[in-house]
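A.B. asks: I need the structure of the sequence given here:
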Amino acid sequence: MKQYLLDSDVSIDYLRGSVEVARKIKAAGLENFHLSEITVAELKYGAAKSNRPDDNRLQVEAFIGEFGIIPIYESLDVFAFEKARLEKLGLRLDDFDLLIGATAIHYGLVLVTNNVKHFERMQRLTIENWTT
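C.D. replies: Just a heads-up that it's a prediction; the model follows:
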């Protein structure tokens, strides 16, 4: 069974009530989905800066409680390799995106993201875009 890492943008879609994302997660089995510590940080930041920080913080906490949280430490060698490789090619990728992608690569997870344009630059990263 495939194991998935949800990117921040897809997680936000889910939190905003995307029926399509919820349907696909349910169909593949909630137990097969994970979040990076980076995605957790981005979701918490989004809640903190929102117009309803207390309500959104509770919603984010409930959401992240449904998934396994994947630490980034073991992925740092992949991050370093990919960042150096992309910089040599004159391509830049946000460090948070690189860390999320490196985590998916290291743990052999399929990255579910709407941000294919940026993530497709990474080698050995399997991506699914659920908005197309």
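A.B. asks: Contact partners for Thr103?
C.D. replies: Leu5, Ser36, Ile38, Ile70, Ile72, Ser75, Val78, Leu109 (Cβ atoms under 8 Å, 6 or more residues apart in numbering). In short, each C-beta sits where N, CA and C put it, glycine included.
A.B. asks: cool, Pro71 as well?
C.D. replies: Here Pro71 is in contact with Glu37 (Cβ under 8 Å, 6+ apart).
A.B. asks: and the helix or strand Gln59 falls within, what does it pack onto?
C.D. replies: Assigned by DSSP states H and E, Gln59 belongs to helix 53-64. If contacts are counted by 3 or more Cβ pairs under 8 Å, 6 or more residues apart in numbering; DSSP states H and E, helix 53-64 sits against helix 8-15, helix 37-49.
A.B. asks: Okay, angle between that helix and helix 37-49 too, please.
C.D. replies: Inter-element angle recorded for helix 53-64 and helix 37-49: 160 degrees (by axes from the mean of the first three to the mean of the last three Cα atoms, to 10 degrees).
A.B. asks: Now stretch 123-132: buried residues?
C.D. replies: Leu125, Ile127, Asn129, Trp130 (16 or more other Cβ atoms under 10 Å).
A.B. asks: Quick one: residues in contact with that stretch.
C.D. replies: Residues contacting stretch 123-132 (Cβ under 8 Å, 6+ apart): 4, 10, 13, 20-21, 24, 82, 85, 101, 104-105, 109-114, 116, 119-120.
A.B. asks: for stretch 24-33, same thing?
C.D. replies: With Cβ under 8 Å, 6+ apart as the test, stretch 24-33 has contacts from Met1, Lys2, Gln3, Tyr4, Leu5, Leu6, Tyr14, Glu66, Phe67, Gly68, Trp130.
A.B. asks: Name only those of these that count as buried.
C.D. replies: Buried, going by 16+ other Cβ under 10 Å: Gln3, Tyr4, Leu5, Leu6, Tyr14, Phe67, Trp130, out of the contacts of stretch 24-33.
A.B. asks: Having no further points to raise, I will conclude here.
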